[in-house]
Structure formats: structure tokens, C-alpha cells
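*Asks:* this one's sequence-less:
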């Protein structure tokens, strides 16, 4: 492996923290929350692929492919929900959707 595993793990931690910060800071915007979750899942995939390359197995790459499949399904459903809610309320602000719990 050309890049040491420690460098891969540091990059993954930085990406995960950035995704967590994005999710926590922009809780009022649904699209930014989805982007933050995607960044965190990409950090997890990076750890799986880096570990698989370090130990010479394909297990991490298989898990990364499974995460890619899961995130593509999650993104398609979440964006369809966002489009529906935007058409219904003309906003993607999560504070506007709190009253949907009562209905």
C-alpha cells in the first residue's frame, strides 16, 4: 500500500467529523443533513477499503460496495421525500415539518 493506514484513518476521521458537523449545524435544512450523512458514510467506506488494502483481503471492498448500494437507495428515497415535501410546503426547512407529527 502506497499510503500508510494511519493516513487513511486520519483522513476518514476528518471526513466523519466534517459530516457530523454538517449534520449538526444545518439541522434546519434537510438537504444539508443528507449531505452530512453521505460524507459520514463515505468516511466509513474509506476505512473499510483502507483496512482491506492493509490486510490484503477483499472483505472491506465488499462492505464498501454494500454501503454504496445502500446509500444509492437511501439517496433516491430521501430526495423523493424532499421533493414531495418541497412541493407541499415550498420549503426544505425542518422546523416547518414539525407540525406534520400531529396529522
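*Replies:* Arrived safely, thanks for sending. The structure displayed is predicted, hence computed values, not measured ones. Numbering: from 1, shown residues only.

*Asks:* what's the spacing between residue 90 and residue 34?
*Replies:* Residue 90 is 19 Å from residue 34, where distance means CB to CB, to the nearest Å. In short, each C-beta sits where N, CA and C put it, glycine included.

*Asks:* centre-most residue in this structure?
*Replies:* When CA atoms, centre = their mean is applied to the chain, the residue found nearest the centroid is residue 38 (1.7 Å).

*Asks:* next, that one: phi, psi?
*Replies:* When read as degrees, to the nearest 10, the backbone of residue 38 gives phi -60, psi -40.

*Asks:* report all helices and strands that the helix-or-strand element of the chain with minimal mean pLDDT contacts.
*Replies:* Lowest by mean pLDDT, DSSP states H and E among the helices and strands of the chain is helix 59-89, with a mean of 89. Under the contact criterion of 3 or more CB pairs under 8 Å, 6 or more residues apart in numbering; DSSP states H and E, helix 59-89 touches helix 30-55.

*Asks:* could you give me the buried positions within the helix it packs on?
*Replies:* Within helix 30-55, the residues that count as buried by 16 or more other CB atoms under 10 Å are 30, 32-34, 36-54.

*Asks:* ditto for stretch 86-102
*Replies:* For stretch 86-102, by 16+ other CB under 10 Å, it's residue 92.

*Asks:* kindly report the same for stretch 73-85.
*Replies:* Neighbour-count burial for stretch 73-85, with 16+ other CB under 10 Å as criterion, is recorded at 78, 85.

*Asks:* please compute how far it lies from its chain's middle.
*Replies:* 14 Å (CA atoms, centre = their mean, to the nearest Å).

*Asks:* stretch 43-61 now?
*Replies:* Distance, centroid of stretch 43-61 to centroid of chain: 18 Å (CA atoms, centre = their mean).

*Asks:* and stretch 75-87, by the same measure?
*Replies:* 16 Å.
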